[in-house]
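Engineer: Predicted coordinates and the sequence they were generated for:
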Amino acid sequence: MSLHRRTIAELARGLRAKEYSSVELTQSLLARIAAAQPALNAFITVTGEEALAAAVAADRRLATGDAGPLTGLPIAHKDIFCTEGVLTTCGSRMLGNFRAPYDATVVAKLRAAGTVMLGKTNMDEFAMGSSNETSFFGAVKNPWNPRRVPGGSSGGSAAAVAARLVPGASATDTGGSIRQPAALCGVTGLKPTYGRVSRYGMIAFASSLDQAGTLTASAEDAALLLTAMSGFDPLDSTSVDLPVPDYTAVLERPLTGLRVGLLKEFFDKGLQRDVEEPLRAALAVYGKLGARLTEVSLPNLPLSVPTYYVVAPAECSSNLARFDGVRFGHRCEDPRDLTDLYERSRGEGFGAEVKRRIMTGTYVLSAGYYDAYYLKAQRVRQLIAGDFTRAFTQVDVLVGPTTPTPAFELGAKTADPVTMYLNDIYTIGANLAGLPAMSIPCGFADGLPVGLQLIGPHFAEERLLNAAHLYQRETDWHRRMPGAYA
Amino acid sequence: MSLNRADIEAIARLARLSLREEEVPALVDGLSRILGLVAQLDAADTRGIEPMAHPLPGLAQRLRADVVTETDQHERYQANAPRVEGGLYLVPKVIE
Amino acid sequence: MMEWETVIGLEIHAQLATKSKIFSGSATAYGAPPNAQANLVDLGYPGVLPVLNREAVRMAVKFGLAIEAEVARRSVFARKNYFYPDLPKGYQISQYELPVVAKGHLDIVLEDGTHKRIGITRAHLEEDAGKSLHEGLPGLTGIDLNRAGTPLLEIVSEPDLRSAKEAVAYMKKVHTLVRYLEICDGNMQEGSFRCDANVSVRRRGAEKFGTRAEIKNLNSFRFVEKAINHEVARQIELLESGGQVVQETRLYDPDRGETRSMRSKEEANDYRYFPDPDLLPLELDEAFIAGVRGELPELPDQKAARFASQYGLSAYDAGVLTASRELGDFYEAVVREVPAEAKLAANWVMGDLAARLNAENLEITGSRLSPIRLAGLLMRLADGTISGKIAKDLFELMWTTGRDADALIGEKGLRQITDTGAIERAIEEVMAKNPGQLADYRAGKDRLLGFFVGQVMKATGGKANPAQLNELLKKKLAG
């Protein structure tokens, strides 16, 4: 029956038509997860029993006709979201035994919509990484080539969707952590506008940049999940009180006259030639769909990476101070005194990349450096945001590559942090400006997926999903599956 | 901007991180490289530009009604605690 | 000593009397079992976020308006980063560069009766920390986070205070004000109102301030005075012996009556403040501020001025009677019953009633005599039904029995004797019984008059009208 090849939208229709039950669907995907785990390591926790119980309940609702569009649909959550009673590690030894006593708002909303959680996906430790190699629970492998990275930090979610272990997964994006793995794994990634989805219960990395979103096989599926998970949350002061549209409603709107801006700065010498080719082909598809293509320059955008590597570490150094071995999390053996308790618990609990970022952030905020680093970066952030604001007076959507290269080899970039950081060169801008952005599969380079990035103005998710969906109607890149998992 | 060993040790103390001996040179190198990257910001002309602390412009803090919504759940919350006694979290003696 | 001038600034921490915490829905009540009032936000659990309590903001604005300060239309919450076990998140949410209240002032009265204006630099909102407990846990410290997240208003004065006494007068003034405004219960034993004192000395006439020491966590007026006096003496002694004052945090030890250095707080004073990305700027519009202004009660200084003019009281008496809102209310409730006797009412409230309350360690709200009962007594004193002496006895009787003045006067026969004939008869009896004293008096021993007054009073059970008695007695004794 090959249920795993179907999208969320297709599966939902099948469930409703009683072609199969949620229990059957859940069982078949749990079996795929178990089979793929040794090769991919996409999951940190699999919640089989809970999933089957939820599937039974969903089937009951489907039987009585009391079902929503997502009732009975299996999904996975990135292990950054707190899940009540379930291990929530954030990819860290620090939270190796942490069972959250509450559900993140994203988890609660998707649960209320009837989804069935199959487990928690692997990720870079505290979402700090672009290759999933910083996870305490081991690297995730790219389903297209197990010697390659899946991208990060939501590498587990992206690999799980790419290998069709789940039809969709939650994820988070602070500097590209949804879009970059989406591109590297050949799936559809959506990072909504900052404030669109509640951050409550999502373990914070950099609070002014973090945003929850989705990894799915299609834009239509992203629209379905986003409709269920977004909305105002009184528990998050930065959540925005705007009505949530049905994001699936305008997917089919023609793109005639859509002003599409090519991000000049993204088509730079850093962009690998064989990645550029599928991108140019994708732009031609948009031309065929009636879009008007122009080139747009955002002169401050090349400063995104240095800006980000001040702002994000600064916030992270403070956000991660709560992990002190007192109320939860790892605590060292036999602390000599209070300082020893702090230093060893944190020193042992955090991995190398997390320490590096905490150290960087501590430094840029410290006395005498605050103005030169932190304030300076906040000012450049304003310049970058201003560039986007100006661009969106000329165009409706900005397009460009998601990453400069396809998936790189495991271990290739671990020696120099800056080389690794530059992998997010095209994705960070949207986070700094709080903009919604997507990555959709648009072809292959050397047998590895390539992603096309779409960026919109604040709260223009409908426009992005519409543009992505119509592209996916014209092409089948998003339907391609890695051979081993097809 | 390059940092030395003493800088790294001072930052680690401020951040309350114990470092293994072999981590120190890697951090000296890593942080120096990162600060080298960050030095690109110096080129930007930011005179008269307001620092941007929040990605959405024009939003203000929402205020919550002063209502008690919580009940005593300390046992549940302390299930994750490494060391508790009589409802208290325990740490090595704090000397003032 | 005279060549040194003391310079003091106070940072007062007033816990705001909200029901729930500043950033969470946990209760703020004092005395709950350990950690029973610490929820996920207060514990700094992974993933949780703060949401600001409207009432805490309202209270801060109320204070700002009361000290004629600037209330910021836009203020910002920042994180103050440091590690301490009573600080769950590893940072305290506070206001740093842009506080909600700035540039206010309060006037204090000095010992010589003159007024002095004390500048208030700022007042900002922040969250309180938890408590560390050391008793009964050998080698360990227990952490109770019930207090973590309780809203605090930190009120920072200018370095305008020049002595421990001025500091105490200022602190008392703030204490009175926050209780008037009903934004803080002022309970110093429970830590609801406490302060840090920044103390330095400089040579008289010097322009530059000396290096200051910060004395932490003073939780009584007496400790503030003692700690500052000790610290001033320590600094002068240090400077006069050629030493230097080190800028540091010190702790007052009430048992030893001295301050000592708190090295533990010194290490980590790089607080790395930055705007809290979890909270948006606090923006207050004119309607919000006008709403708070509309709720301002009559303030202590206004009330004292009104008492002085309306009731003909001295500035001192008016000040005493307005020291708390409740005392002023009590006094005015008495005066409403006996409008012509405002001065008499003031004397009784500040005199016998205050003494009785003091003896029983009661607040005015705990008085066993209601304003109406006290007014009933004053009415009988004023209309001559009872004498001043009887009034004092009657007050005690009313306090212990809880009954009203008229009932007790009737029952115990306390009515004053104003019948001239009756008083004369009593005088004659006393004169007859004491021929010796009578002879001595008439021989010029004038001071025996007191003896005769006493005897006649005794004979009349203290009820003879004193003025009449005096007049008649003198006439009779003269023969």
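Structural biologist: Yep, it's here. Numbering: from 1, shown residues only, chains lettered A, B, ... in the order given.

Engineer: Could I get the contacting residues of residue A:343?
Structural biologist: Residues near residue A:343 by C-beta atoms under 8 Å, 6 or more residues apart in numbering or on different chains: B:12-13, B:16-18. Backbone N, C-alpha and C define where each C-beta goes, glycine included.

Engineer: Which part of chain B gets nearest to chain A, residue-wise?
Structural biologist: Proximity of chain B to chain A (C-beta to the nearest C-beta) peaks at residue B:55, 2.7 Å away.

Engineer: That residue and residue A:434 touch, don't they?
Structural biologist: Yes: between residue B:55 and residue A:434 there is a contact at 2.7 Å, judged by C-beta atoms under 8 Å.

Engineer: Now for these two: what residues contact both?
Structural biologist: The contact sets of residue B:55 and residue A:434 overlap at A:194-195, A:385 (C-beta under 8 Å, 6+ apart).

Engineer: And the top strand by length along chain B, how far out from the chain middle?
Structural biologist: Ranked by number of residues, the top strand in chain B under DSSP state E is strand B:88-92. How far strand B:88-92 lies from its chain's middle: 22 Å, per C-alpha atoms, centre = their mean, to the nearest Å.

Engineer: got it, and stretch B:65-78?
Structural biologist: Distance, stretch centre to chain centre, for stretch B:65-78: 26 Å (C-alpha atoms, centre = their mean).

Engineer: secondary structure class for residue A:44?
Structural biologist: Under DSSP: H, G, I helix; E, B strand; the rest coil, the three-state class of residue A:44 is strand.

Engineer: again but with residue A:398, I slipped
Structural biologist: Under the three-state scheme (three-state DSSP), residue A:398 adopts strand.

Engineer: Tell me which residues touch the closest residue to it other than its chain neighbours, please.
Structural biologist: Leaving aside its sequence neighbours, residue A:398 sits nearest to residue A:455 (C-beta to C-beta, 6 or more residues apart in numbering or on different chains; 4.3 Å). Residues near residue A:455 by C-beta under 8 Å, 6+ apart: A:263, A:388, A:397-400, A:429-430, A:435-437, A:464.

Engineer: make it 7 Å
Structural biologist: Neighbour list for residue A:455: A:397-398, A:430, A:435, A:437 [criterion: C-beta atoms under 7 Å, 6 or more residues apart in numbering or on different chains].

Engineer: Under the pLDDT cut-off, which ranges of the stretch 1-150 of chain A? List them.
Structural biologist: Of all residues in the stretch 1-150 of chain A, those with pLDDT under 70 make up the ranges A:1.

Engineer: Point me to the residue of it nearest chain C.
Structural biologist: For the stretch 1-150 of chain A, C-beta to the nearest C-beta, closest residue to chain C: residue A:82, 4.7 Å.

Engineer: Could you identify the helix or strand that succeeds the longest helix belonging to chain C?
Structural biologist: Counting residues, the longest helix found in chain C (DSSP state H) is helix C:221-240. Later in the chain than helix C:221-240, the nearest helix or strand by DSSP states H and E is strand C:248-253.

Engineer: who does that following strand pair up with?
Structural biologist: Note on strand C:248-253: by DSSP bridges, its sheet partners are strand C:213-218 (parallel), strand C:258-261 (antiparallel).

Engineer: Now it: buried residues?
Structural biologist: C:249-252 (16 or more other C-beta atoms under 10 Å in any protein chain shown).

Engineer: same deal with stretch C:440-452?
Structural biologist: Across stretch C:440-452, burial judged by 16+ other C-beta under 10 Å covers C:441, C:448, C:452.

Engineer: Correct me if wrong, but the second one is in a helix.
Structural biologist: So the one you mean is residue C:448. Yes: the assignment for residue C:448 by three-state DSSP puts it in a helix.

Engineer: quick one: secondary structure of the nearest residue to it once chain neighbours are set aside?
Structural biologist: Residue nearest to residue C:448 in three dimensions, not counting chain neighbours: residue C:441, with 4.4 Å by C-beta to C-beta, 6+ apart. Under three-state DSSP, residue C:441 falls in the helix class.

Engineer: Wait, residue C:441 touches residue C:451, no?
Structural biologist: No: applying C-beta atoms under 7 Å as the test, residue C:441 and residue C:451 come out as separate, 8.3 Å apart.

Engineer: which among the contacts of residue A:343 end up buried?
Structural biologist: Neighbour counting by 16+ other C-beta under 10 Å classes B:12-13, B:16-18 among those as buried.

Engineer: and the residues you listed, which of them are in helices?
Structural biologist: Short answer: the buried ones among the contacts of residue A:343 in helices (DSSP H) are B:12-13.

Engineer: Widest-spaced pair of the buried ones among the contacts of residue A:343?
Structural biologist: Across the buried ones among the contacts of residue A:343, the longest distance by C-beta to C-beta is 9.6 Å; it joins B:13 and B:18.

Engineer: Which secondary structure state is assigned to the nearest residue to residue C:169 once chain neighbours are set aside?
Structural biologist: Excluding its sequence neighbours, the residue lying closest to residue C:169 (C-beta to C-beta, 6+ apart) is residue C:108, at 4.4 Å. Put simply, residue C:108 is strand when judged by three-state DSSP.

Engineer: what does the one 10 residues further on give?
Structural biologist: Secondary structure assignment for residue C:118 (three-state DSSP): strand.

Engineer: Could you list the residues of the stretch 151-300 of chain C in contact with chain B?
Structural biologist: Counting by C-beta under 7 Å from any C-beta of the partner chain, the residues of the stretch 151-300 of chain C close to chain B are C:251, C:262, C:264, C:268, C:270, C:275, C:277, C:279-283.

Engineer: got a markdown table for the residues you listed, with secondary structure and pLDDT too?
Structural biologist: As requested, these are exported to a markdown table (DSSP: H, G, I helix; E, B strand; the rest coil; pLDDT from 0 to 100):
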| residue | secondary structure | pLDDT |
| --- | --- | --- |
| C:251 | strand | 92 |
| C:262 | coil | 82 |
| C:264 | helix | 51 |
| C:268 | coil | 52 |
| C:270 | coil | 92 |
| C:275 | strand | 97 |
| C:277 | coil | 98 |
| C:279 | coil | 98 |
| C:280 | coil | 97 |
| C:281 | coil | 97 |
| C:282 | strand | 98 |
| C:283 | strand | 98 |
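
Engineer: can you tell me which of these lies nearest to chain A?
Structural biologist: Among those, and counting by C-beta to the nearest C-beta, the member closest to chain A is residue C:277, at 3.8 Å.

Engineer: Which residues are in contact with that closest one?
Structural biologist: By C-beta under 7 Å, 6+ apart, the contact set of residue C:277 is A:207-208, A:315, B:53-54.

Engineer: If we use 8 Å, what do you get?
Structural biologist: Applying C-beta under 8 Å, 6+ apart, we find residue C:277 in contact with A:206-208, A:238, A:315, B:53-54.

Engineer: from the residues you listed, which has minimum pLDDT?
Structural biologist: Minimum pLDDT across the contacts of residue C:277 is recorded for residue B:53, with 92.

Engineer: which residues touch the residue nearest the centre of chain B?
Structural biologist: Most central in chain B under C-alpha atoms, centre = their mean is residue B:15, positioned 7.3 Å from the mean C-alpha point. Going by C-beta under 8 Å, 6+ apart, residue B:15 touches A:317, A:346, A:358-359, A:362.

Engineer: quick one: it and residue C:88, what's the gap?
Structural biologist: To residue C:88, residue B:15 is 17 Å away according to C-beta to C-beta, to the nearest Å.

Engineer: How about residue A:267?
Structural biologist: Applying C-beta to C-beta, the value for residue A:267 to residue C:88 is 48 Å.

Engineer: Which one's more surrounded, these two?
Structural biologist: Legend: neighbour count by other C-beta atoms under 10 Å in any protein chain shown for residue A:267 and residue C:88, higher for residue C:88 (27 against 15).

Engineer: Not counting its own residues, what contacts stretch C:228-245?
Structural biologist: For stretch C:228-245, the external contacting residues (C-beta under 8 Å, 6+ apart) are C:1, C:4, C:6, C:8, C:163-164, C:167, C:197, C:199-201, C:210-213, C:215, C:250, C:252, C:257-259.
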